[in-house]
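Engineer: please find the sequence and the predicted model below.
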Amino acid sequence: MEAILANHKSSTPASTNAPGVTSSTVAPAVGTAGNGAAVGTGSGNRPAGGVLASLGVTNSGFTTVKVASLVSTKFEAKLSKRLNGLEHFIPAGTGLLLNGTTYTVASIVSVLQAVLGLFAAKSTAQAEAKSTVGAATAALKAELPTAAQFLSALDTALVSFFGKGNPVLTNFGLSSGVRKTPSVATQAKAKGTAALTRKARNTMGKVQRREVKGGTAQVSVTGPAGEVLSGSTTGPAAAPAAPAGSGSGNTAK
């Protein structure tokens with residue numbers, strides 16, 4: 001519904017008054033709905049719905065008023081506020097002039113309630129659809145593990161049937177199992193990329209790492225009174241030099 005109760009462009013009287021209308025000056029009806037109710041022209045060449053037409057409100061003779069979205073929550077809120085005001089602040093028998101047509105408050109309330117009912121029906125349908133989709137999703141998830149195992153077994157059977165490496169397997173969406181030899185250009189590119197990566201990361205081999213020395217650490221030791229101590233660390237004692245001309249162990253005679 002893109003246009004309701006908009007600027008009235010025609011005051012041609014209809015042959016009969018619509019329910020709740022106290023004046024014979026109503027928007028002319030064009031066509032009929034399935035239940036015999038008058039139907040407006042809608043937006044452009046699109047027919048209007050029959051719900052409001054059954055209440056005497058049609059689009060024919062009105063300037064089109066576009067609603068930003070057919071599911072606009074802002075438009076629904078407007079309807080609710082107008083309805084609340086009409087029900088609490090204006091007597092039901094009061095007549096209001098809407099674009100040249102006089103409607104009773106009761107008839108206007110019926111129109112607003114009808115549109116709000118359509119919003120409610122949409123929300124209910126969405127909730128039911130969400131529930132249905134949720135149930136279908138849960139059923140699918142429950143079967144997926146078994147289905148995956150079955151598919152894996154099928155793949156194994158197909159490979160066994162046709163033989164590993166058979167190009168026919170590609171028709172089943174399976175790999176033939178034959179590794180493709182990369183081209184010379186691809187190999188050269190990969191080698192160059194690897195070299196640049198090693199250089200950027202400063203990656204060294206075993207021989208290069210052995211050439212890297214940490215240097216000598218300088219150590220200063222302080223005594224209990226704050227004095228600087230000097231000395232040397234003990235290490236393995238050197239073996240005494242053997243006398244000249246003497247051998248080790250038993251001497252040969």
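Structural biologist: The structure has been received and is ready for your questions.
Engineer: strands of this structure, start to end?
Structural biologist: Secondary structure of the chain by DSSP state E: the strands cover 95-98, 101-104, 221-222, 228-229.
Engineer: same for the third one, what does it pack against?
Structural biologist: Think strand 221-222. strand 228-229 (3 or more Cβ pairs under 8 Å, 6 or more residues apart in numbering; DSSP states H and E). C-beta here means a position set from N, CA and C on the backbone, and glycine is covered the same way.
Engineer: pLDDT averaged over the strand it packs on - what is it?
Structural biologist: For strand 228-229, mean pLDDT is 70.
Engineer: kindly report the same for stretch 151-166.
Structural biologist: In the prediction, stretch 151-166 has an average pLDDT of 92.
Engineer: just the buried residues of that stretch, please?
Structural biologist: Residues of stretch 151-166 classed as buried by neighbour count (16 or more other Cβ atoms under 10 Å): Val159, Phe162.
Engineer: which residues of the stretch 151-253 of the chain score low on pLDDT?
Structural biologist: Within the stretch 151-253 of the chain, the stretches with pLDDT under 70 are 177-179, 214-215, 217-220, 229-253.
Engineer: now do 90
Structural biologist: Within the stretch 151-253 of the chain, the stretches with pLDDT under 90 are 164-167, 170, 175-253.
Engineer: what about the helices in it?
Structural biologist: Taking DSSP state H, counting those that start in this stretch, the helices of the stretch 151-253 of the chain run over residues 184-201, 206-210.
Engineer: list just the one of the ones you listed that sits closest to Ala147.
Structural biologist: Closest to Ala147 of these, according to Cβ to Cβ: helix 184-201, at 37.2 Å.
Engineer: what is that closest one packed up against?
Structural biologist: Using 3+ Cβ pairs under 8 Å, 6+ apart as the contact test, no helix or strand touches helix 184-201.
Engineer: what's it in contact with?
Structural biologist: Outside helix 184-201, the residues within contact range by Cβ atoms under 8 Å, 6 or more residues apart in numbering are Pro182, Thr203.
Engineer: could you give the number of residues near Val111?
Structural biologist: Val111 has 21 neighbours, counted by other Cβ atoms under 10 Å.
Engineer: swap in Leu52?
Structural biologist: 23.
Engineer: state the pLDDT value of it.
Structural biologist: On the pLDDT scale, Leu52 gets 83.
Engineer: also Asn84?
Structural biologist: What the model reports as pLDDT for Asn84 is 95.
Engineer: how near is it to Ser176?
Structural biologist: 71 Å (Cβ to Cβ, to the nearest Å).
Engineer: settle it for me: which of the two has more neighbours?
Structural biologist: Neighbours around Asn84 and Ser176, counted as other Cβ under 10 Å, are more numerous at Ser176. The numbers are 16 against 11.
Engineer: picking up where we left off before, deepest-packed of the strands of the chain, please.
Structural biologist: strand 101-104 (a mean of 20; mean count of other Cβ atoms under 10 Å).
Engineer: alpha carbons of that strand, as CSV, please.
Structural biologist: Output of strand 101-104 as CSV, limited to C-alpha atoms (Å, rounded to 0.1, in the frame of the first residue of the first chain):
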residue,chain,number,x,y,z
THR,A,101,-14.7,13.2,2.0
THR,A,102,-16.2,13.0,5.4
TYR,A,103,-15.5,9.9,7.5
THR,A,104,-16.7,9.1,11.0
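Engineer: what packs against that strand?
Structural biologist: In terms of contacts (3+ Cβ pairs under 8 Å, 6+ apart), strand 101-104 is packed against strand 95-98.
Engineer: can we see that at 10 Å?
Structural biologist: Contacts defined by 3 or more Cβ pairs under 10 Å, 6 or more residues apart in numbering; DSSP states H and E place strand 101-104 against strand 95-98, helix 105-162.
Engineer: distance to Lys191 added to the strands of the chain, as TSV?
Structural biologist: As requested, these are exported to TSV (distance: least, Cβ to Cβ, whole Å):
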stretch	distance to Lys191
strand 95-98	82
strand 101-104	85
strand 221-222	53
strand 228-229	57
